[in-house]
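> Here is my input; please provide its structure:
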Amino acid sequence: MKRTRIVDILSDATLVGQQVCVKGWVRTRRGNKQVQFIALNDGSTIKNIQIVVNTEKIDADQLKDITTGSCLCAVGELVESMGQGQSVEMQCESIEIYGLCPNDYPMQKKGQTFEYMRKHAHMRLRTNTFGAVFRIRHHMAMAVHQFFNDNGFFYFHTPLITASDCEGAGEMFQVTTKNLYKLEMDDKGNIKYDDDFFGKMTSLTVSGQLEGELGATALGAIYTFGPTFRAENSNTPRHLAEFWQIEPEVAFLELDGLMELEERFIKHCVRYALDHCQDDLEFLNKMIDNGLIERLKGVLADDFVHLTYTEGVEILQKAQENGEKFEFPVAWGCDLASEHERYLVEKHFKKPVILYNYPKEIKSFYMRQNDDDKTVQGTDVLFPQIGEIIGGSVREERYDKLLAEIERRNIPMKDMWWYLDTRKYGTCPHAGFGLGFERLILFVTGMANIRDVIPFPRTPGNAEF
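Numbering: from 1, shown residues only. Below is the predicted model:
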């Protein structure tokens, strides 16, 4: 008999009175000698289906070995439920066990800490919490593609292996086929890459932005959505070594248009979550963060605040003078910490903020310089609970300005000639932003640690599964 997904059974009233077949994993089994109740979940929804088993029809010896985590197939009639907690249930007529689950199953019904579950990341996917998180992650990926497709962007695939460092921080994972135990050096003590696969030093990308700009200056508007890598030794709840990033780039877009695009995009994603993930959000609101749904709706309620960096620093300094305690002091020219960003969003304005016109010394070389020669047209979108969720900028399109900044920062020209060509041949104003996908999932799910919103986190010292 063909299997019916539990999400479809629970949403289709016409199935009541019909024979259905369900397959999934046991959440719980309880009952007595006459009747047993099995809660079955197949991953299609946070909700279980209750299977009512009459022990006169099903062999008791078959039932006694069914424990939490066991996988089975059940066939029976779908009926309206007289009990609380579900609208329908199945009157079971047959059970086939695919896989029993011994007592050392790591995800027993008792509550587990998130730290414990990270050690069993291959099994944590079957829990209610992580099922909800990763269904929401799927829907957020669909929201991303829908937004850009509907707004005339082209999905553009930038390389994962690159010879350039977009951020200029040097925290990149090297890609090589060389024998690391027999490295040849030149007379200056540098590793020779002539015989390496690509004939030069290459790394995993930290961003697809630079290549994305090439796409934007040919196709008009593109977006990337793929994995990126940072070899940053950060053991924090907000950092991963491997994460997914969304990076649109748009020709003929200036600062006001960039901020408008950032706000429209993030609101679209939040609205999509509220429209498509109601059951999972309600579960997470109840079990993880009881302010989650209210916070999501709050993002949609008002326009974002547009605030210059200088104005933001003045607000923070005034807060310090009035007794607000920050771990890190605030001064013009400093890179704002998460505590500063969250103060602006959660305490001062009580709504998302787009901060712009940052000091050029704390931002990347490619950002467009303002006439004051002190600031650049960079933007950060700041959210409650998260701090910075989007970082973007108008890109410096003037050849002479960009070249001077590259030289001032001692960025090797051998890596940047092709990027400068976009300013040399038919340059145009353009802008874009980057959004770490996991930061978005953190906000939408209410989870506290970024390692819990990606199936298999890669962090310093951890590359399991």
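> What score does Arg118 have for pLDDT?
Arg118 carries a pLDDT value of 91.
> give the contact list for the closest residue to Ala132 other than its chain neighbours.
Nearest-residue entry for Ala132: Asp280, 3.8 Å, with adjacent residues in sequence omitted and distances by Cβ to Cβ, 6 or more residues apart in numbering. Any C-beta I mention is one placed from the backbone N, CA and C, and that applies to glycine too. By Cβ atoms under 8 Å, 6 or more residues apart in numbering, Asp280 lies in contact with 46, 131-133, 135-136.
> In the helix or strand where Met140 lies, which residues are buried?
According to DSSP states H and E, Met140 maps onto helix 128-150. Neighbour counts using 16 or more other Cβ atoms under 10 Å place 128-137, 139-141, 143-144, 147-148 of helix 128-150 among the buried residues.
> Go ahead and measure how far the helix or strand of the chain with the lowest mean pLDDT is from the middle of the chain.
Of all helical and strand segments in the chain, the minimum by mean pLDDT, DSSP states H and E falls on helix 60-64, at a mean of 84. Counting by Cα atoms, centre = their mean, to the nearest Å, helix 60-64 is centred 43 Å from the centre of its parent chain.
> Can you name the residues in contact with that helix?
Under the contact criterion Cβ under 8 Å, 6+ apart, helix 60-64 has outside partners 29, 33, 36, 53, 55, 95, 97.
> One more: stretch 312-326?
Contact partners of stretch 312-326, identified using Cβ under 8 Å, 6+ apart, comprise 329-332, 334, 336-337, 339-340, 343-344, 347-348, 353, 355.
> In PDB, please show the C-alpha coordinates belonging to that stretch.
The C-alpha atoms that make up stretch 312-326 are tabulated as PDB, following Å, rounded to 0.1, in the frame of the first residue of the first chain:
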ATOM      1  CA  GLY A 312      24.900  55.600  16.400                       C
ATOM      2  CA  VAL A 313      28.100  56.200  18.300                       C
ATOM      3  CA  GLU A 314      26.700  59.400  19.700                       C
ATOM      4  CA  ILE A 315      23.600  57.500  21.100                       C
ATOM      5  CA  LEU A 316      25.900  54.900  22.600                       C
ATOM      6  CA  GLN A 317      28.200  57.400  24.200                       C
ATOM      7  CA  LYS A 318      25.200  59.300  25.700                       C
ATOM      8  CA  ALA A 319      23.900  55.900  27.100                       C
ATOM      9  CA  GLN A 320      27.300  55.300  28.700                       C
ATOM     10  CA  GLU A 321      27.200  58.800  30.300                       C
ATOM     11  CA  ASN A 322      23.700  57.900  31.700                       C
ATOM     12  CA  GLY A 323      25.000  54.800  33.300                       C
ATOM     13  CA  GLU A 324      24.700  52.100  30.700                       C
ATOM     14  CA  LYS A 325      27.400  49.400  31.200                       C
ATOM     15  CA  PHE A 326      29.100  48.200  28.100                       C
END
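> and Glu260, that one's in a helix?
Yes - under DSSP: H, G, I helix; E, B strand; the rest coil, Glu260 falls within a helix.
> Count the neighbours of it for me.
Glu260: 14 surrounding residues under other Cβ atoms under 10 Å.
> which residues touch it?
By Cβ under 8 Å, 6+ apart, the contact list for Glu260 is empty.
> Next one: the residue nearest to Ala132 from His138, what distance?
Look at Asp280 and His138: by Cβ to Cβ, to the nearest Å, they are 10 Å apart.
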